[in-house]
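> Let me see the structure of the following:
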Amino acid sequence: MWPRKRLDFGWMDISAVRLAFVFRWNRTRALNQLLNEWPADGHTVPAMSVRSGLHLILGQLDWPEGSEVLMSAMTIPDMARIVRHHGYVPVPVDLDLDTAAPTLESLKQATTQRTRGLIVAHLFGTRIDLSHILSFAAERDIAVLEDCAQAFVGPDWKGTPGCLASMFSFGTIKTSTALGGAMLTIRDPELAVATIQAHDNWPVQDRVSYGFRIARAVLTKILSYRPLFAVFRLCCRILRRDYDHTLNNFVRGFPGDDLIRQIERQPGTPLLVLLRRRIRRFDATHFARRVKLGERLRDTAHTTLGLLGHRGDNHTFWIFPILAQRPRELISRLRREGFDATRGESMEIVTAPEDRSDTAPVIRTAFDRIVYLPLYADMPEEVVDRLGRVVCEAESQNG
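All right, here's what the predicted structure looks like:
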């Protein structure tokens, strides 16, 4: 069976970070070397995660309690939790199913006099043209934060000028992963200084916790080889464990309920070293291979399937979501055919405030139909073609 995902790092990357554990690197030097790899149109702050970055930035903004923060309605659950932690109210903004981008109509519907911020997420590997959204926000004095966690395309693009901040993730399942870490570009000088000062007061991530994350990632990488993945599924069946749920929990970045305590950490020195390596040695050829396969699968399936975000700008196919008519039946069919499709557990639709009508009905209705297909650069073209045919046939029968 072709697993749902393969982590985007090599064994040489693991060897490099092991050296960072063995030798006592100068932290200041490691930090400066990383900053030199990320020249941007603002101040750069390496953080332990995008969650940490959002928490930092919101903590320095002097918005009235109860201010509303518009958010791309589909996001990871922790982002809305962080907004609420700071006394603000997250308000979902509906998405266009073809582009996975907020529309101006949905922004207008969600905006009120209490709106102070907007967090726009580039989803699934797409990169949204924010020109119209930035104009809309500027007219209403709304600060725009850009969540680029799923949209890293290499060190040549570091975010959209005009956004208050751009946040890139190098978490476990992300492109060019460093098994954690984030790069923040903050374009307001005063906010940047305040953010850096607050960040400097946080404790440094300990090596033991990062070491456990590396160990989990190594095991996940080993299990992504097809024979071992089959053994893993068999073991889960014998132990009566849901392997889908087990896998999702295994790669989760911050398990448990004490989210804020976990994310209030500066990145440790080994993480800084690996972040620099992954940015500096970005594999453009491997990346281009994934894009080519994504376009091939899209072209095979687009006449039959509902493809979520398939018309998004600059699509790099970090993941490949489709809108299935009968998701459970499709997943079962794909697994019988050797493809580990999943509905996933890492995303949610932001809950609308109790005193407001739902501002994201389109994506909320579509959410339960989403199925993620396995797609990564290591898959042969003929396998991708067969995947497309199986999905098209199954969906035609379900129709």
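
> my read: Tyr210 touches Gly180, true?
Yes - between Tyr210 and Gly180 there is a contact under C-beta atoms under 8 Å: 6.7 Å. Backbone N, C-alpha and C define where each C-beta goes, glycine included.

> what packs against the strand ranked longest in the chain?
Of all the elements of type strand in the chain, the one with the most residues (DSSP state E) is strand 115-121. Packing partners of strand 115-121 (3 or more C-beta pairs under 8 Å, 6 or more residues apart in numbering; DSSP states H and E): strand 68-72, strand 74-75, helix 131-139, strand 143-147.

> For Gly171, find the nearest of the ones you listed.
strand 143-147 (12.4 Å; C-beta to C-beta).

> which residues sit against the following helix or strand past that closest one?
Using DSSP states H and E, the helix or strand that directly follows strand 143-147 along the chain is strand 165-169. Strand 165-169 has contacts (C-beta atoms under 8 Å, 6 or more residues apart in numbering) with 40, 42, 49-50, 53-54, 57, 145-152, 158-160, 181-188, 191.

> which intervals of the stretch 201-350 of the chain have sub-threshold pLDDT?
248-253, 255-256, 302-304 (pLDDT under 70).

> All the helices of it, in order from the start?
207-223, 226-238, 243-250, 259-263, 269-280, 284-301, 327-336 (DSSP state H, counting those that start in this stretch).

> contacting residues around the fourth one?
Translated: helix 259-263. Under C-beta under 8 Å, 6+ apart, the answer for helix 259-263 is Met48, Ser49, Arg51, Ser52, His55, Asp78, Arg81, Ile82, His85, Phe254, Gly256.

> contacting residues for the fourth one?
Going back to what we said before, that points to Ser52. Ala182, Ile263, Glu264, Arg265.

> and the second one, how many neighbours?
Here the count is done by other C-beta atoms under 10 Å, and Ile263 has 22 residues near it.

> ditto for the last one
By other C-beta under 10 Å, the residues close to Arg265 number 21.

> CA atoms of the longest strand of the chain as CSV?
This file holds the C-alpha atoms of strand 115-121, laid out as CSV (Å, rounded to 0.1, in the frame of the first residue of the first chain):
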residue,chain,number,x,y,z
THR,A,115,-12.9,43.5,13.4
ARG,A,116,-9.2,44.2,14.1
GLY,A,117,-7.3,41.4,12.4
LEU,A,118,-7.4,38.9,9.6
ILE,A,119,-5.5,35.6,9.4
VAL,A,120,-5.3,34.3,5.9
ALA,A,121,-4.1,30.8,5.4
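
> For the nearest residue to Phe229 once chain neighbours are set aside, give me its contacts.
Leaving out its chain neighbours, the residue that sits closest to Phe229 by C-beta to C-beta, 6 or more residues apart in numbering is Pro3, at 4.9 Å. Pro3 makes contact with Leu223, Ser224, Arg226, Phe229, Asp340, Pro374 under the criterion C-beta under 8 Å, 6+ apart.

> filter these to the buried ones?
In the contacts of Pro3, burial by neighbour count holds for Leu223, Ser224, Phe229, Asp340, Pro374, counting by 16 or more other C-beta atoms under 10 Å.

> Now distance to Pro361 too, for the residues you listed, in CSV please.
Formatted as CSV, those follow (distance: C-beta to C-beta, whole Å):
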residue, distance to Pro361
Leu223, 38
Ser224, 37
Phe229, 38
Asp340, 31
Pro374, 30
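
> farthest pair in those?
Farthest-apart pair in the buried ones among the contacts of Pro3 is Leu223 and Pro374; separation 13.7 Å (C-beta to C-beta).

> Surely Pro226 is in contact with Trp2?
To be clear, residue 226 is Arg; Pro isn't right here. Yes - between Arg226 and Trp2 a contact is recorded at 6.8 Å, counting by C-beta under 8 Å.

> Find residues that contact each of those two.
Going by C-beta under 8 Å, 6+ apart, no residue sits against Arg226 while also sitting against Trp2.
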